[in-house]
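Q: Predicted model and sequence follow; I will ask about them next.
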Amino acid sequence: GPVLAARDPHAPVVATAHEAVKDSHITLLLTEWKDFIDLDPTKLEPARPIVIDGRNALDPTTWKNAGWTYHGMGRS
């Protein structure tokens, strides 16, 4: 049968990736959607610029040069 997913009514939902990252202490990229891969890390406003790239979809050099601590799956 179909799988039903319930959303936690207390979990915050935002309209944009910029809003999701704003004031975050860690950012997890868990999709390969172009909207997220094409983000300019210099225009994001996290509390701490740390990204875990769960899809190895981001360019590590771009993110590191923008001041982010970058962690990719299986990458050093």
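A: Good, I have the coordinates.
Q: Every contact and neighbour count from this point should use C-alpha atoms.
A: Fine.
Q: could you show me where the helices are in this protein, in order?
A: Shown for the chain, the helices assigned by DSSP state H span residues 17-21, 34-37, 60-65.
Q: of the ones you listed, which approaches I50 most closely?
A: Shortest distance between I50 and the helices of the chain, using Cα to Cα, is found for helix 60-65: 9.4 Å.
Q: Could I get the full set of strands for this structure?
A: Per DSSP state E, the chain carries strands over the ranges 27-29, 50-53, 69-72.
Q: Reformat these as CSV; add distance to P41.
A: As requested, the strands of the chain are exported to CSV (distance: least, Cα to Cα, whole Å):
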stretch, distance to P41
strand 27-29, 11
strand 50-53, 10
strand 69-72, 11
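Q: so which of these gets nearest P60?
A: strand 69-72 (6.3 Å).
Q: avg pLDDT for the closest one?
A: Averaging pLDDT along strand 69-72 yields 97.
Q: In stretch 52-72, which residues are buried?
A: Of all the residues in stretch 52-72, those buried under the rule 16 or more other Cα atoms under 10 Å are 52-54, 56-58, 60, 63-64, 68, 70-72.
Q: and what of stretch 28-44?
A: Buried positions in stretch 28-44, judged by neighbour count with 16+ other Cα under 10 Å: 29, 36-37, 41, 44.
Q: roughly how far is that stretch from the heart of the chain?
A: Stretch 28-44 sits 6 Å away from the centroid of its parent chain (Cα atoms, centre = their mean, to the nearest Å).
Q: And it, end to end?
A: Stretch 28-44 has its terminal residues 14 Å apart, counting by Cα to Cα, to the nearest Å.
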